[in-house]
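Q: 3D model of this:
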Amino acid sequence: MSASRTAACALAALLFAAAAGAEVVRIEVFRRDDYGTHQRIIGRVHFAVDPALRANRGIADLDRAPTNAAGKVEFASDLLFFLPKSDAVVRGTVFLEVVNRGRDQSLGLMSGARQRDLSPEQWDLGDRFVLTQGFAAAFLGWQFDVQSGQGLTFDAPTAPVRGVVRASYVEDGSGPRYGGFAVQYCARDPAQPDATLSFRRAFDAPAALVPRDRWQFGPGGCSVRLAEGFDAGLYEAVYEAEGSPVAGLGLAAIRDFASYLKFGASGTERTLREQPLFVQRVIGFGYSQSARLLREFVRDGFNQDERGRTAFDGLMVASAGAGGGSFNHRFAMPGQAGNSVLSVLRPVDLPPFTDAGLLARARVDGVVPKIVYTLSSTEYWARAASLTHATDDGLADLPPDPSSRLYLLAGTPHASGPLPPLRDTGGQRYRHDLNFAEQRWVLRALLLALDDWIRLGTAPPASRYPTIARHELVAREDVAFPRVRSLPFAEYLPPVWRMDFGAAYAETRVITREPPVLGAPYRVLVPQVDADGNDIGGIALPEVAVPLGTYTGWNITEPQLANLRYLAGLVGSFVPFARTRQAQLDAGDVRRPIAERYPNRQDYLSRVDRAAQALVRDRLMLAPDLPRVQERAAAMWASIVGR
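A: So this is what the prediction gives:
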């Protein structure tokens, strides 16, 4: 074959590969507004993927989804985008938040935003930190069961398949006896005789079947009804459903949108890329549910697009713990989060847990992103965080990959409470006041450090997390918690079991065994504490470094649900120190009183300032945030000690 013929064939193959690789098909713009330093764009992103391509073969039931005339599967995402108007301060990096159940988390965590209306044109951006730092910012829908009015939505096709579904209901016995509960997937046949309803008082207890003639499905098979009402405990209905959303397309949408911003499309679509230098790199951010999705995203090969290119340059995986989620399997339930929040025995906490497994495919494909992992104290108590950096027998440390950094934000809760603190939210009462420690200042600094790592090659601060070797990560029973009459130490951890969902689940993403067969539980560890009961081994934010009380990652609901080993979901506790020596003695509290720690308010504020300055020196806080740290400290003193 001649050299010219060979070159022509190579070019033809390249053009075919480009045509075969689907991308963003179209961006529909509903409105484009002036937003100060940025334009605000509200729209919808339309996608299409080829089920035959390697990059898409891991999407459950994609080969059964309806296709268009070109043989591709179509889907669409809501989009909220902020594009810089000038290159004066632009970074060239897109901050792409994978939204949590349709809404933001970063804006509240890092910018103090408070959403009151989840219509995209009404989103509050707080102090606009991400925008003032020169990022473009994107918020993209990916979850098929988010409804209009709940945030950013995602349209996924439905595959005409049948399969087993399990619906769970937990009754705490605190109120009137309910006679029914809704199910996410309606029963295919409400009269199906082989459907079962079982009852047990603990996750791993034997299940007792409720006779079929004593319960029934509601209209359309969309609820379970028990005329006599539910006792305190766990009920599970197992039945057949039909028609499963192709949920894994949400991960493909995230991948293909990130890829589009960086590389464009082969067609004429250029929306959002009118200034390509503004969107050269993409950092993905996820908190809680959406951070668990990012773990699964990398694990399952989605950081390589259909043409083999890297989608995300960096990821900020915040407060995910060790889990993935119910994101990409037949009859997925993406809102379910694991036993610690009573999402019972879902395919969430499944291995691999550490970087060695999570990054294995990305390393083979050459698309490993830089990753910053952050953990609150609650992740150790409710999300099995120790499994991310220790062996599953709890005997040895497993450090993160050199491409990653891991930070415990010591003493912070997954979901912060208000200041002044309270223990009754109106919908739930807790035994202790809610922990109000904030992650804001460190998250802001770490985002900029991650961008500098990608953009400039400047390594971020060294990881800070508790280790077994330094005796900072221990079994719950080995925690040296101080004796405090008003704060007895938690008596258990929510368990995490090895679970078997069927022999072919890992390959097919089809659950055939419900409920799953439970194996041995993992050995989950928690941070050791100091004499005040505050975590050691991580980054101590100013309120924990200069404490006015004990900040824990756990709390206890009332009623407690001890049989289910349930603590309080994702909130922590705050219990103040006694003010005086006499009050300390009267309270049966071994922690030193406030009067012996800080002679006065000014001494306390000075110590907070020194702790904050130390974090600035370590690049774990930004110097411009120091005045607001002082304001926050003054508010804490006023609330807890008084004026």
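
Q: rest of the way, CA atoms for contacts and neighbours
A: Fine.

Q: where does this protein have low pLDDT?
A: 1-22, 643 (pLDDT under 70).

Q: go again with 80.
A: Along the chain, the model assigns pLDDT under 80 to residues 1-22, 175-176, 266-268, 643.

Q: which residue ranges of it form helices?
A: Secondary structure of the chain (DSSP state H): helices located at 3-20, 106-111, 129-132, 249-263, 289-299, 355-358, 360-365, 377-382, 440-455, 505-508, 542-545, 581-587, 601-617, 626-640.

Q: got the angle for the fifth one vs helix 249-263?
A: In this case it means helix 289-299. 70 degrees (axes from the mean of the first three to the mean of the last three C-alpha atoms, to 10 degrees).

Q: okay, now the closest residue to residue 189 other than its chain neighbours: neighbour count?
A: Among residues not flanking residue 189 along the chain, residue 221 sits closest, at 6.7 Å (C-alpha to C-alpha, 6 or more residues apart in numbering). Residue 221 has 19 neighbours, counted by other C-alpha atoms under 10 Å.

Q: hey, what's the closest residue to residue 396 other than its chain neighbours bridged with?
A: The shortest distance from residue 396 to any residue other than its chain neighbours is 5.6 Å, reached at residue 390 (C-alpha to C-alpha, 6+ apart). Note on residue 390: beta-bridge partners by DSSP bridges are residue 397.

Q: contacts only, for residue 390.
A: 354, 396, 397, 398, 399, 468 (C-alpha atoms under 8 Å, 6 or more residues apart in numbering).

Q: from these, which is closest to residue 37?
A: residue 354 (39.7 Å; C-alpha to C-alpha).

Q: the closest one touches residue 385, doesn't it?
A: No. Counting by C-alpha atoms under 8 Å, residue 354 does not reach residue 385; the two are 10.0 Å apart.

Q: what do the two both touch?
A: Overlap of the contact sets of residue 354 and residue 385 (by C-alpha under 8 Å, 6+ apart) consists of residue 322.

Q: list the contacts for the spatially most central residue of the chain?
A: In the chain, the residue lying closest to the centroid (C-alpha atoms, centre = their mean) is residue 288, at 1.8 Å. Counting by C-alpha under 8 Å, 6+ apart, residue 288 touches 100, 318, 319, 320, 321.

Q: distance of residue 91 from residue 450?
A: Residue 91 sits 13 Å away from residue 450, going by C-alpha to C-alpha, to the nearest Å.

Q: surely residue 525 meets residue 394?
A: Yes. Under the criterion of C-alpha under 8 Å, residue 525 makes contact with residue 394 at 6.7 Å.

Q: which one's more surrounded, the two?
A: For residue 525 versus residue 394, neighbours defined as other C-alpha under 10 Å are more numerous around residue 525 (28 against 18).

Q: identify the residues contacting that one.
A: Shown in contact with residue 525 (C-alpha under 8 Å, 6+ apart): 380, 384, 386, 394, 473, 474, 475, 476.

Q: residue 192: which of those is nearest?
A: Using C-alpha to C-alpha, the contacts of residue 525 come closest to residue 192 at residue 384, 37.9 Å.

Q: residue 198: what's its closest spatial neighbour, skipping adjacent residues?
A: Nearest non-adjacent residue to residue 198 (C-alpha to C-alpha, 6+ apart): residue 209, at 4.3 Å.

Q: with neighbour numbers in mind, choose between residue 354 and residue 385.
A: residue 385 (26 against 22).

Q: ok, of the contacts of residue 525, which come out buried?
A: Among the contacts of residue 525, the ones that count as buried by 16 or more other C-alpha atoms under 10 Å are 380, 384, 386, 394, 473, 474, 476.

Q: so can I have JSON lines of those showing distance to residue 31?
A: Formatted as JSON lines, the buried ones among the contacts of residue 525 follow (distance: C-alpha to C-alpha, whole Å):
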{"residue": "380", "distance to residue 31": "43"}
{"residue": "384", "distance to residue 31": "43"}
{"residue": "386", "distance to residue 31": "45"}
{"residue": "394", "distance to residue 31": "53"}
{"residue": "473", "distance to residue 31": "51"}
{"residue": "474", "distance to residue 31": "53"}
{"residue": "476", "distance to residue 31": "53"}
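
Q: I'd like to know which of these are part of strands.
A: When those are checked against strands (DSSP state E), the matches are 473, 474.

Q: hang on, the earlier thing: quick check, the residue nearest to residue 198 in contact with residue 200.
A: No. With contact defined as C-alpha under 8 Å, residue 209 does not count as touching residue 200 (9.1 Å).
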